[in-house]
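Enquirer: I'd like to go over a predicted model; first the sequence, then the structure.
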Amino acid sequence: MAIQRTLSIIKPDATKRDVTGKINQMLERSGLRIIAQKRIKLSQEQAEGFYSVHKDRPFYNDLVNFMMSGPVVVQVLEGENAVKVNRDTMGATNPEEAEEGTIRAEVGLSIEANSVHGSDSEENARSEINFFFKDEEICP
Ligand code: CMP
């Protein structure tokens with residue numbers, strides 16, 4: 001299996017409840033190495049740009065406002081099959097449907113406040129990582 005990188009975001013609902021460490025422990029226990037990480041407040045431009053693929057969806061404006069409602073932690077994760085391993089570790093988008101033991105089942109509050117984002121493909125991972133990180137900020 002190939003070593004991959006993926007982008008993870010710990011969302012405002014989770015940073016507000018101080019569960020960043022708990023989420024990081026769940027990621028690391030899944031074999032994902034956190035090779036870059038920063039806590040930032042997203043600007044409107046960043047939140048809109050990051051989620052522009054969803055701009056025609058009815059939840060877009062609420063999603064953008066939610067992502068600006070508090071700090072987020074953006075991370076680059078590295079490991080074998082990292083895109084899928086991270087998505088399996090996060091669980092289903094809606095915490096009510098997420099499997100027991102996943103981050104969203106343990107920590108998520110709602111489909112919007114679902115605590116974490118993870119890239120859904122290796123190609124999107126590359127562009128999402130570039131959206132937040134310069135090469136020199138990534139320390140494998
Ligand atoms: P995320 O993986 O960050 O990608 C897009 C986000 O939109 C998703 O997680 C959800 O938090 C959010 N969202 C809000 N409402 C919905 C919805 N009805 N269907 C899918 N995603 C939603």
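Expert: Happy to help now that I have it. Keep in mind it's a predicted model, so treat the numbers as computed, not measured.
Enquirer: would you mind giving the secondary structure of the closest residue to residue 12 other than its chain neighbours?
Expert: Distances taken as CB to CB, 6 or more residues apart in numbering put residue 70 closest to residue 12, at 3.4 Å, once the chain neighbours are dropped. Placement of C-beta: from N, CA and C, glycine included. Three-state assignment for residue 70 (DSSP: H, G, I helix; E, B strand; the rest coil): coil.
Enquirer: list the contacts for residue 70?
Expert: Applying CB atoms under 8 Å, 6 or more residues apart in numbering to residue 70 gives the contacts 12, 13, 15, 16, 41.
Enquirer: need phi/psi at it.
Expert: phi -180, psi 180 (degrees, to the nearest 10).
Enquirer: how about residue 34?
Expert: phi -90, psi 100.
Enquirer: confidence score at it?
Expert: Here the pLDDT value assigned to residue 34 is 98.
Enquirer: mind checking the SS state of residue 73?
Expert: Per three-state DSSP, the local secondary structure of residue 73 is strand.
Enquirer: I figured it was touching residue 9, is that so?
Expert: Yes - if you go by CB atoms under 8 Å, residue 73 and residue 9 touch, sitting 7.0 Å apart.
Enquirer: and the contacts of residue 70, which of them are buried?
Expert: In these, burial by neighbour count holds for 12, 13, 15, counting by 16 or more other CB atoms under 10 Å.
Enquirer: out of the residues you listed, which comes closest to residue 115?
Expert: Proximity of the buried ones among the contacts of residue 70 to residue 115 (CB to CB) peaks at residue 13, which lies at 5.9 Å.
Enquirer: show me what contacts the residue lying closest to residue 82 once chain neighbours are set aside?
Expert: Excluding the flanking residues, the one nearest residue 82 by CB to CB, 6+ apart is residue 4, at 4.1 Å. Contacts for residue 4 (CB under 8 Å, 6+ apart) come out as 78, 79, 80, 81, 82, 83, 122, 125.
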